[in-house]
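In: fold the stuff below for me.
(one chain, ligands or ions: 3)
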Amino acid sequence: MGDDQKHPKFGHLPLSTSGPLECALKGTTLLNHPFFNKGSAFTKEERDVFQLSGLLPQAIQTLDQQVQRAYQQYSSQPDDLSKNTFMSSMKEQNEVLFFRLLYDHLEEMFGVVYTPTEGEAIQNYSRIFRRPEGCFLNIHDVNRIPHDLSVWGNEDDIDYIVVTDGEEILGIGDQGAGGILISIAKLVLTTLCAGIHPNRVLPVVLDCGTDNEDLLNDPLYLGLREKRVRGKKYDDFVDTFVQNARRLYPKAPEIPCFNDDVQGTGCVTLAAIMAGLHVTQQKLGDLKLVIFGAGTAGVGIADQVRDAIVTERGVSKEDASKQIWLIDKPGLLTTKTDNLSAAQNPYAKEWNEDKVDLEAVVKQVKPNVLIGTSTKPNSFTENVVRAMAEGTKRPIILPLSNPTRLHEAVPEDLLKWTDGRALVATGSPFKPVKGPWGKAGKEIEIEVAECNNSVVFPGIGLGAVLCRASKVTDKMLVAAVSGVAELSPALKDDTAPLLPGVGVVRDVSVRVARKVVQAAVEEGVATERWIPEKGEELDDWIKEQMWLPEYRPLKPVEVEGASRLAKGEMRVVGSVAGRETNSKL
Ligand SMILES: NC(=O)C1=CN([C@@H]2O[C@H](COP(=O)(O)OP(=O)(O)OC[C@H]3O[C@@H](n4cnc5c(N)ncnc54)[C@H](O)[C@@H]3O)[C@@H](O)[C@H]2O)C=CC1
Ligand SMILES: CC(=O)C(=O)O
Ligand SMILES: [Mg+2]
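Out: Ligands and ions are numbered 1, 2, ... in the order given. Just a heads-up that it's a prediction; the model follows:
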């Protein structure tokens with residue numbers, strides 16, 4: 001591990017993911033370190049050298065055998081939250097086993113370690129808490145930020161940070177310090193889907209208090225027990241965090257970051273829309289898009305789609321905005337709506353009536369795409385959906401609000417109300433839906449794509465990290481969209497999902513990363529000098545640097561002179577590249 005390692009094919013590889021790991025730990029300390037621990041898989045030699053005899057049962061097992069046992073234990077948990085807790089403690093014990101278990105049962109476990117179950121874990125954070133994980137920063141202790149960040153590594157040590165202030169988590173609102181779990185979950189997916197090294201990432205929560213009364217009144221609540229601090233003190237806190245993150249990584253001239261709820265969601269949703277329009281044989285010029293819930297995600301999607309229309313049609317942003325209608329609590333956003341935000345303003349329509357609701361908008365506009373980012377469950381009613389299906393042959397309907405219980409509609413209803421004509425993708429995972437929607441009423445199973453920023457953010461992160469991007473540009477994000485869209489199963493089969501599924505997440509991440517790296521090179525923001533030019537070679541270069549959950553041989557080193565990683569003092573090693581900052585996750 002480390003800089004400038006020689007590689008037989010590429011000569012230079014900034015990140016190495018194989019070969020022996022130096023380790024200065026021994027005995028119980030080693031068994032208790034999740035990064036080095038192999039449990040029953042320590043070899044005979046390692047047991048001798050690292051003073052493990054007497055601390056382990058005699059059998060020496062393979063990672064596969066360990067996965068088998070761990071899966072049995074996982075399966076015996078009574079419910080999803082217990083499974084989620086089981087996985088968290090597995091991660092604290094043995095990281096390789098945790099990721100390998102997850103990797104081998106990806107489809108089954110995705111919803112347990114991410115939305116919807118992670119939402120439940122976040123809401124119960126202070127009750128299910130066992131051990132702290134991640135970096136907790138205190139708004140009243142700004143002067144300590146340099147210290148509190150530096151315990152995670154020196155310059156060159158961190159590739160990727162996910163940070164939240166805990167105020168807007170999924171659709172469950174203010175979760176205070178419990179927000180750390182969404183930073184952790186997004187990083188788990190980044191490692192799982194894109195192979196970013198689990199010891200080169202840093203989950204952070206900026207604790208600014210909470211306005212969640214349930215938490216304030218909970219005697220077990222673990223965060224700052226006070227109302228959220230806002231205004232200048234908040235801005236200074238965020239600023240100090242960013243400045244110190246930057247100071248820790250002096251190689252990065254600017255902070256390469258993206259907002260996952262705005263840009264990540266915009267990218268994946270645009271990719272789903274492009275795939276849907278391919279099925280309906282339409283172009284972006286034909287798009288009439290209604291977005292229900294004009295907050296962070298809704299406007300993020302609108303902007304991404306508008307920019308794509310501008311590029312495809314060669315029209316102005318103003319003209320492109322005419323194809324997008326935003327609805328929020330006051331109804332359709334019009335030029336008469338009070339208190340429009342600067343982000344909503346470009347989409348406000350001239351409209352005669354006041355308070356136009358979703359159904360009325362659908363009837364008048366006849367959209368071909370309807371998106372839900374409202375957190376209002378069941379708001380895509382039978383009337384709304386039937387009205388939409390009257391105006392278009394294959395309505396593209398994306399209820400994206402998470403977790404599952406907040407979805408604007410469920411796939412089964414959407415298919416039922418449209419006689420199987422709807423093209424559906426959802427924010428959280430759903431089981432396939434069976435019905436008489438094949439040719440001549442034949443019963444078929446429709447698989448529903450998960451339209452979640454998790455499809456795209458791992459690959460964006462990987463691309464930005466590997467090419468050492470100095471920033472994440474709009475063109476890099478557009479490139480990421482095309483990377484996802486070209487892998488859509490719906491391009492080949494109009495009954496297949498709009499987006500690639502979790503079974504192929506690593507392929508998707510490689511494709512997205514390739515596109516992101518190429519765009520970064522074109523834009524002159526890639527600072528890594530050793531990037532192969534050709535697509536295939538570039539893919540190999542990317543894959544070679546993706547971490548896989550496999551045990552590496554341990555090489556003993558003396559404590560004296562050992563690196564901090566070898567001494568088990570930190571969880572992060574390597575060299576700097578991309579970082580994600582995000583206040584809403
Ligand atoms: N699938 C995905 O990848 C993503 C899904 N989301 C989901 O989208 C939802 C919204 O997230 P954010 O945009 O971050 O939250 P937000 O709070 O910024 O936006 C929600 C918007 O919906 C509006 N709204 C609430 N009730 C409404 C109603 N009855 N009628 C019309 N509008 C209403 C709110 O006024 C607000 O503007 C969440 O459930 C979140 O989980 C967010 C990001 C990514
Ligand atoms: C997926 C995500 O970021 C959200 O639901 O907020
Ligand atoms: Mg989010």
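
In: end-to-end on stretch 84-104?
Out: 16 Å (C-alpha to C-alpha, to the nearest Å).

In: go on, stretch 495-503?
Out: End-to-end distance (C-alpha to C-alpha), stretch 495-503: 18 Å.

In: same question for stretch 115-135.
Out: For stretch 115-135, by C-alpha to C-alpha, the gap between its terminal residues amounts to 22 Å.

In: that one and ligand 1, are they touching?
Out: No: counting by C-beta under 6 Å from any ligand atom, ligand 1 has no neighbours in stretch 115-135; the shortest distance is 7.2 Å. The way it works is simple: take the backbone N, C-alpha and C, and place the C-beta from them, glycine included.

In: can you point out the buried residues in that stretch?
Out: 115-126, 128-129, 133-135 (16 or more other C-beta atoms under 10 Å).

In: now stretch 42-57
Out: Phe42, Glu46, Arg47, Phe50, Leu52.

In: nearest to ligand 1 among these?
Out: Distance to ligand 1, by C-beta to the nearest ligand atom, is smallest for Phe42 among these, at 40.3 Å.

In: so the closest one makes contact with Leu56?
Out: Yes: counting by C-beta atoms under 8 Å, Phe42 does reach Leu56; the two are 6.5 Å apart.

In: give me the element the closest residue to ligand 2 within the stretch 401-550 of the chain is part of.
Out: Here the stretch 401-550 of the chain gets closest to ligand 2 at one residue, Asn402, 3.6 Å apart by C-beta to the nearest ligand atom. For Asn402, there is no host helix or strand (DSSP states H and E).

In: residue numbers of the stretch 351-500 of the chain in contact with ligand 1?
Out: Residues of the stretch 351-500 of the chain lying near ligand 1 (C-beta under 6 Å from any ligand atom): Thr373, Ser374, Thr375, Lys376, Leu400, Ser401, Asn402, Leu406, Gly427, Cys451, Asn452, Asn453.

In: isn't the second one up against Thr296?
Out: Just to be clear, that refers to Ser374. No: Ser374 is not in contact with Thr296 according to C-beta under 8 Å; the separation is 11.8 Å.

In: the two: which is more packed in?
Out: Ser374 (25 against 18; other C-beta atoms under 10 Å).

In: let's verify that one: helix, strand, or coil?
Out: Secondary structure assignment for Ser374 (DSSP: H, G, I helix; E, B strand; the rest coil): coil.

In: count of residues packed around the closest residue to it other than its chain neighbours?
Out: Nearest residue to Ser374 in three dimensions, chain neighbours excluded: Gly293, at 2.9 Å (C-beta to C-beta, 6 or more residues apart in numbering). Applying other C-beta under 10 Å, we find 24 residues neighbouring Gly293.

In: next up, the contacts around Gly293.
Out: Ile327, Asp328, Gly372, Thr373, Ser374, Thr375, Lys376, Ser401 (C-beta atoms under 8 Å, 6 or more residues apart in numbering).

In: what's the separation between the second one and ligand 1?
Out: What it means is Asp328. 4 Å (C-beta to the nearest ligand atom, to the nearest Å).

In: tell me the pLDDT of that residue.
Out: We have a pLDDT of 98 for Asp328.

In: how close does it get to ligand 2?
Out: To ligand 2, Asp328 is 17 Å away according to C-beta to the nearest ligand atom.

In: just to revisit the earlier point, in helices, which of the buried residues of stretch 42-57 fall?
Out: Glu46, Arg47 (DSSP state H).

In: what about the closest residue to Lys434 other than its chain neighbours, how many neighbours?
Out: Setting aside the residues directly before and after it, Lys434 is nearest to Glu445 in space (C-beta to C-beta, 6+ apart), at 5.0 Å. Here the count is done by other C-beta under 10 Å, and Glu445 has 12 residues near it.
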